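Undergrad: Here you go, sequence then predicted model.
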Amino acid sequence: MEGQNISVKCKVRLLRALVLSIFLYVCETWTLTAELQRRIQTLEMRCYRTILGLSYLSHTSNDQVRTTIQQHIGPYDDLLTIVKEKKLRWYGHVTRSDGLAKTVLQGTVERRRRRGGNRKKWSDNIKEWTKKTFAETQALAQDRNRWRDLVHNSSRRRPDDSTQS
């Protein structure tokens with residue numbers, strides 16, 4: 001098997017540089033539903049299991065895989081935390097600017113409501129993670145330092161806290 005002479009730390013660095021950079025491309029525009037969050041976590045664990053050479057038949061829990069990876073590379077942010085942080089940072093950036101993106105972000109389109117339950121909107125993620133209204137987040141985003149602190153604290157919550165769709 002190839003790659004047996006490459007350390008786990010080097011493999012994780014390659015994963016983050018080559019695979020995750022492509023995966024995270026335009027992740028700021030995603031609406032994170034419970035299903036999408038589950039898929040993101042599944043991708044991350046699949047990549048780590050491949051790096052460690054673990055089979056699903058070995059019955060190794062995700063917590064054990066995370067612990068093993070952390071022993072090799074030290075503390076790290078999981079993929080879902082990175083996505084949330086990038087999305088919150090982009091929201092703050094767009095809110096402070098005066099461009100088309102801000103107009104689109106703040107605009108709404110009048111239409112008939114669909115049958116069934118309401119779909120989760122992009123802005124619902126921001127409200128859910130910050131625990132603030134849309135108007136409060138827009139005012140808070142004007143101060144970069146306060147927004148940066150909020151982004152850091154909001155994105156670091158455990159994924160289990162925000163898996164409702």
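TA: Structure's in. What do you need? Numbering: from 1, shown residues only.
Undergrad: helices and strands around the helix or strand of the chain with the lowest mean pLDDT, which ones?
TA: Lowest on mean pLDDT, DSSP states H and E among the helices and strands of the chain sits helix 100-106, with a mean of 74. Helices and strands touching helix 100-106, as assessed by 3 or more CB pairs under 8 Å, 6 or more residues apart in numbering; DSSP states H and E, comprise helix 79-96. For the C-beta atoms, the positions are set from N, CA and C on the backbone; glycine is no exception.
Undergrad: and the gap between residue 19 and residue 88?
TA: Going from residue 19 to residue 88 by CB to CB, to the nearest Å gives 23 Å.
Undergrad: of those two, who's got more company?
TA: Between residue 19 and residue 88, counted using other CB atoms under 10 Å, the more crowded position is residue 88 (24 against 12).
Undergrad: on that earlier part again, and the least confident helix or strand of the chain, what's buried?
TA: By neighbour count with 16 or more other CB atoms under 10 Å, helix 100-106 contains the buried residues residue 105.
Undergrad: hmm, who's touching that helix?
TA: By CB atoms under 8 Å, 6 or more residues apart in numbering, the surrounding residues in contact with helix 100-106 are 91, 94, 95, 123, 138.
Undergrad: how far out from the middle of the chain is it?
TA: Put simply, helix 100-106 sits 22 Å off its chain's centre (CA atoms, centre = their mean, to the nearest Å).
Undergrad: closest to residue 77 among the contacts of helix 100-106?
TA: The nearest member of these to residue 77, counting by CB to CB, is residue 91 at 18.3 Å.
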